[in-house]
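A.B. asks: Structure for this input, please:
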Amino acid sequence: METFRLASYNVHGGIGLDGRFDPDRTSAVLHELRADVIALQEVTMGDGTDPGLLARLAGGVGLHATRGPVMKRGPYEYGNAVLSRYPVDSVTLVDLSVPGHEPRAAMDMELRVHGRPFRLINTHLGLSPFERRLQGLRLLALLGDAFHHPSALAGDLNGWFLARGPWVELRRRFGDQGLAPLTFPVFRPVVALDRIWVYPASVRGPATVHVSPTARVASDHLPVRVDIRLPVT
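C.D. replies: Numbering: from 1, shown residues only. The predicted structure follows:
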C-alpha cells in the first residue's frame, strides 16, 4: 500500500483576518499541511503580466497547478484550483451556477496516483440552501451510478447541515466518513463547511483539521486533510 495526503483549503484569495494579502503566509500553511494533493477554493489566477496567487502558491510548495476558473475579478480569473505532485490525466470544468447567484463550478479530475487512477472533484458551493440543493443534484449526476476507482469529493460545501435532499444520497454513496472536523470561522470554528469525502471507506484515514498560529490568521477557513492508502500497481 502507498499513502498520499489530500487536503482542501479555502484560501480566501490570500487575504488573512488582518486584511493583508500575503501569499507567503498562505504558502506557509500549505507547507504545514505536507499534502501531496491540495484542493483550493477562492484563489486568483494571473495573466501574462502578473502570476497571480495560484502560481505563487504552486511555486512555493513545488506542486503542479491545475486551474479551475469560475469568474473574472478585475484582471484575474478566480475560482478553484488543484495543486498536485502527481500527473493529471484529465480535467473537466463543470458549471454549477444557479441563475441570480454567484457563479459556481466543480473541477472533475483524474489523477495518476502511484500508478493508478484517482478521481477528484473539487468544488465551492453556494451560500443558500436552494443553490446547494440544485448543486447537490448536479454532483449526483456527475458521479454517475457507480465508482469505477477510488474517488474523493473535496471543497467548501458551505453547508451547515448536509442531512437532507440530495446530500443524503451523496453521503450514502461515499459511505460513513466519520465526524467532520469544524473549520469555520477560523478564530472559533463551529461548523464543518470544508469537507473531504473518500470512496471506498477502506482506503481513507480520518479527516482532520489543521490548526496552527499561521493557519489561524491566513484565511477565514481552516484547512482539512485526510491520508489515503492505495494499492500499488
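
A.B. asks: doesn't Ser202 fall inside a helix?
C.D. replies: Yes. Under DSSP: H, G, I helix; E, B strand; the rest coil, Ser202 sits within a helix.

A.B. asks: any idea how far it is from Ile228?
C.D. replies: Using CB to CB, to the nearest Å, Ser202 is found at 10 Å from Ile228. Every C-beta, even on glycine, is put in place using the N, C-alpha and C of the backbone.

A.B. asks: So between these two, which is more surrounded?
C.D. replies: Ile228 (21 against 9; other CB atoms under 10 Å).

A.B. asks: okay but that one is in contact with Val198, surely?
C.D. replies: Yes. The pair Ile228 / Val198 is scored as a contact, 6.1 Å apart, by CB atoms under 8 Å.

A.B. asks: Give the intersection of the neighbour lists for these two.
C.D. replies: 6, 150, 152, 204 (CB atoms under 8 Å, 6 or more residues apart in numbering).

A.B. asks: Among those, which pair sits farthest apart?
C.D. replies: Greatest spatial distance in those: Leu6 and Pro150, 10.6 Å, computed using CB to CB.

A.B. asks: any shared contact partners between those two?
C.D. replies: Looking at what touches both Leu6 and Pro150 (by CB under 8 Å, 6+ apart), the common residues are 198, 228.

A.B. asks: neighbouring strands for the particular helix or strand that has Ile121 in it, and are they parallel or not?
C.D. replies: Assigned by DSSP states H and E, Ile121 belongs to strand 116-124. Here strand 116-124 is paired, per DSSP bridges, with strand 105-113 (antiparallel), strand 151-156 (parallel).

A.B. asks: Return the most buried member of those.
C.D. replies: strand 151-156 (a mean of 25; mean count of other CB atoms under 10 Å).

A.B. asks: ok, residues contacting that one?
C.D. replies: Against strand 151-156 from outside (CB under 8 Å, 6+ apart): 6, 8, 10, 39, 41-42, 80, 106, 118-125, 139, 143, 170, 174, 193-199, 221, 228.

A.B. asks: so the helix or strand following it versus strand 151-156, what angle?
C.D. replies: Using DSSP H and E, the next helix or strand after strand 151-156 towards the C-terminus is helix 166-174. Note on geometry: by axes from the mean of the first three to the mean of the last three CA atoms, to 10 degrees, helix 166-174 and strand 151-156 are set 140 degrees apart in direction.

A.B. asks: List the buried residues for helix 166-174?
C.D. replies: 166-167, 170, 173-174 (16 or more other CB atoms under 10 Å).

A.B. asks: next SSE after it?
C.D. replies: strand 194-199.

A.B. asks: what's the distance between the strand holding Ile121 and the middle of its chain?
C.D. replies: Computed by CA atoms, centre = their mean, to the nearest Å, the chain-centroid distance of strand 116-124 equals 9 Å.
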